[in-house]
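**Q** After the sequence you'll find the predicted model.
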Amino acid sequence: MAVLVTGASSGIGYACAVRLAAAGREVLVHGRTPERAERAAGSVRGEVDGARVVPVHADLSSLAAVRALARTVGRLDGLVNNAGLFAGNDVEHERRVSADGHELHWAVNYLAPFVLTGLVDAPVVVNVVSGMRASLRWDDPGLVEGWDRVVAYGQSKLALTMFSVELAARAPHRSVFAVNPGYVDTRLVRESFGGAVNSADSGARWVAAPLLPGFTGTSGGFLDAGEWSAPPPLAADPGARARLWELTGTQLDSTVPG
């Protein structure tokens with residue numbers, strides 16, 4: 001069983017890769033650069049005897065790179081869309097855009113998983129989302145007016161949750177889950193929020209769960225810090241989800257997942 005974990009060079013993604021490798025899965029460990037991917041793969045091998053690990057790399061802010069990654073990995077048994085961006089204290093707090101012209105949080109946290117999921121043949125998909133309260137700026141998803149990093153992050157993760165629920169409804173042949181790992185000790189949390197409650201491994205336990213034996217969740221479910229919960233109101237609204245799906249297709253001008 002081969003599983004791609006994006007953003008696996010540190011934090012929850014790395015801990016998830018270790019858990020999957022320890023369970024006998026072949027893990028494709030993604031990093032933004034070849035060096036990060038190779039280093040993470042080597043660390044997983046050091047922690048898990050006999051680990052089957054393949055390093056892969058891509059800058060997920062570039063849709064061309066996302067498409068190239070999909071071609072590289074081919075068919076998979078599982079996909080974990082874990083890689084995420086939150087403009088933290090180590091960068092200037094100003095609006096930035098991707099190479100494709102999309103607001104950077106929207107590009108990395110939402111559009112990249114949307115495209116990768118559509119191009120990679122994986123029957124099980126886990127999208128790592130957030131429990132942050134958020135809304136969508138339907139008339140300005142790129143936040144051209146009044147950009148705020150918290151708003152940008154929150155709406156990108158909300159969109160990913162909405163996508164998870166909608167994909168589960170549209171593609172019954174796939175098992176799709178939105179997982180909020182909780183407030184855990186990762187670099188993103190430390191640099192952006194200044195602290196954490198739980199370890200990265202505790203969060204990775206929930207992220208890896210749908211890809212391990214004994215999991216009994218239902219596709220389209222929202223796993224919130226280990227508890228099955230109702231998704232955010234917009235994610236539970238079929239009309240809102242369809243509206244986002246149409247908006248996303250327009251932004252990408254490409255075939256949407258199925």
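**A** Cool, the structure landed. What you see is a predicted model; the values in this text were computed from it and never measured. Numbers count the residues shown, from 1 in each chain.
**Q** For the rest of this, base every contact and every neighbour count on C-alpha atoms.
**A** Noted.
**Q** pLDDT-wise, which helix or strand of the protein ranks last?
**A** Lowest by mean pLDDT, DSSP states H and E among the helices and strands of the chain is helix 187-193, with a mean of 53.
**Q** Quick one: the helices in this structure, in order.
**A** Under the criterion DSSP state H, the chain carries helices at the ranges 11-22, 34-47, 63-73, 104-106, 112-119, 149-170, 187-193, 200-208, 233-236, 238-252.
**Q** ok, residue 25 - contacts?
**A** 1-3, 52 (Cα atoms under 8 Å, 6 or more residues apart in numbering).
**Q** 7 Å - rerun?
**A** Shown in contact with residue 25 (Cα atoms under 7 Å, 6 or more residues apart in numbering): 1-2.
**Q** What separation do you get for it and residue 15?
**A** 14 Å (Cα to Cα, to the nearest Å).
**Q** what does residue 143 give?
**A** Counting by Cα to Cα, the gap between residue 143 and residue 15 amounts to 33 Å.
**Q** Compare these two (neighbour count), which wins?
**A** Comparing residue 143 with residue 15 by other Cα atoms under 10 Å, the one with more neighbours is residue 15, at 23 against 19.
**Q** That one against residue 205, yeah?
**A** No - counting by Cα atoms under 7 Å, residue 15 sits too far from residue 205 to count as a contact (8.3 Å).
**Q** Skip the chain neighbours and tell me the closest residue to residue 215.
**A** Of all residues not flanking residue 215 in the chain, residue 209 sits nearest, at 6.3 Å (Cα to Cα, 6 or more residues apart in numbering).
**Q** and that neighbour, how many residues sit next to it?
**A** Using other Cα under 10 Å, the number of residues around residue 209 comes to 19.
**Q** can you check residue 218 too?
**A** A count of nearby residues for residue 218, using other Cα under 10 Å, gives 13.
**Q** and it, what pLDDT?
**A** The score at residue 218 is 97. That number is its pLDDT.
**Q** what does residue 86 give?
**A** 89.
**Q** before we move on, what about the one 5 residues further on?
**A** Reading off the confidence values, residue 91 has pLDDT 52.
**Q** Where does the prediction get shaky in the stretch 1-150 of the chain?
**A** Scanning the stretch 1-150 of the chain for pLDDT under 70 picks out 88-92.
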